[in-house]
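A.B. asks: What follows is a protein structure lacking sequence information:
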C-alpha cells in the first residue's frame, strides 16, 4: 500500500547568512527548486520579517514547498511535500542545500496518508 | 536549549467528505484555526483541484498552517508550524480535528531548529 504524500523535512544549518535575509533570492530559489522537482507552481506567498528572517511558501499542483529562515543562526527549516510519482522532491532538496550553502543538514522523510482502505 | 519552531503534523482520517471539497469552508476553517492559535495572518493561497481536493496555506507571522485534502478518502494532511511562545498551535489542531469531522486522527510534534549554539 502506498502513501498519498511524501513529506521531506529539511534542517539546514551553517548556511550562507547573507542569502537568508534576501527575500528575492529565496523566492527565486524556492520556485527554481519546485521546477527542478518537476512540479507545477500554482501560487506563492513570501514575507520579509524585521529585523531579519524570511518565510515563503510555494503551492504546487503536487502539494507545497516552504522555507523559514533565521539569518542570525544561519538556520533554515524547509519542507517539501509532494504527492504522485511525477515529481522528484529529492532534487528540490538537493538544490536548496546547495543554493543556501548549508554546511550541515539533516533530512527526514515522512509518509503522509497511509490509509487502511485500498 | 529550546527549539526555534514547533511543527505539528496532523493526519486526519474518516473526515466529513462533503467539506473536504469545499474550498470556501476550508479557507475559513484554516484562517479561524490560525486566529484560534493566537497567530497573526500575513498571507494565504488556496487551490481547488479537479475533480476533487483542495490545497491551502496560511502564512502567519509565527510560520504557517497548511492543509491538503483527499475527499475521495476522507483524508486530510494538515501541518501547523509555529515559532515563539505567544501562540498555541494545539488549539488550531483541535479546531481542525473538530471542524473537519475527523473520526480518527494522529498528531506528531517535531521540534525544528534545535541548534548547537546558544
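C.D. replies: Noted; the coordinates are in hand. Everything numeric here is computed off the predicted structure, so don't read it as measured data. Residues are numbered from 1 along each chain as shown, chains lettered A, B, ... in the order given.

A.B. asks: any idea which helix or strand carries residue A:90?
C.D. replies: helix A:89-99 (DSSP states H and E).

A.B. asks: Low-confidence bits of chain A, can you list those?
C.D. replies: Scanning chain A for pLDDT under 70 picks out the ranges A:1, A:117-118.

A.B. asks: for it, what spans make up the strands?
C.D. replies: A:5-13, A:41-48, A:54-60, A:63-70, A:75-83, A:104-112 (DSSP state E).

A.B. asks: right, and those strands - which one's nearest chain B?
C.D. replies: strand A:41-48 (3.8 Å; C-beta to the nearest C-beta). Using the backbone N, CA and C atoms, a C-beta is placed for each residue, glycine as well.

A.B. asks: quick check: angle from the helix holding residue A:90 to strand A:104-112?
C.D. replies: Angle, helix A:89-99 to strand A:104-112, by axes from the mean of the first three to the mean of the last three C-alpha atoms, to 10 degrees: 160 degrees.

A.B. asks: Check which helices and strands helix A:89-99 sits against.
C.D. replies: Helix A:89-99 sits against strand A:5-13, helix A:23-36, strand A:75-83, with contacts defined as 3 or more C-beta pairs under 8 Å, 6 or more residues apart in numbering or on different chains; DSSP states H and E.

A.B. asks: Just name the most buried of those.
C.D. replies: Comparing those by mean neighbour count (mean count of other C-beta atoms under 10 Å in any protein chain shown), strand A:75-83 comes out on top with a mean of 25.

A.B. asks: who does that one touch, helix- and strand-wise?
C.D. replies: Strand A:75-83 packs on strand A:5-13, strand A:63-70, helix A:89-99, strand B:63-70, strand B:75-83, going by 3+ C-beta pairs under 8 Å, 6+ apart.

A.B. asks: so can I have JSON lines of these showing distance to residue A:107?
C.D. replies: Below are the helices and strands packed on strand A:75-83 laid out as JSON lines (distance: least, C-beta to C-beta, whole Å):
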{"stretch": "strand A:5-13", "distance to residue A:107": "5"}
{"stretch": "strand A:63-70", "distance to residue A:107": "14"}
{"stretch": "helix A:89-99", "distance to residue A:107": "6"}
{"stretch": "strand B:63-70", "distance to residue A:107": "19"}
{"stretch": "strand B:75-83", "distance to residue A:107": "17"}
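
A.B. asks: and residue A:5, what is it in contact with?
C.D. replies: A:63, A:81, A:82, A:83, A:111, A:112, A:113, B:68, B:77 (C-beta atoms under 8 Å, 6 or more residues apart in numbering or on different chains).

A.B. asks: which of these lies closest to residue B:94?
C.D. replies: Within these, the smallest distance to residue B:94 is 16.9 Å, found for residue B:77 (C-beta to C-beta).

A.B. asks: what's across from that closest one in the sheet?
C.D. replies: residue B:11, residue B:68 (DSSP bridges).
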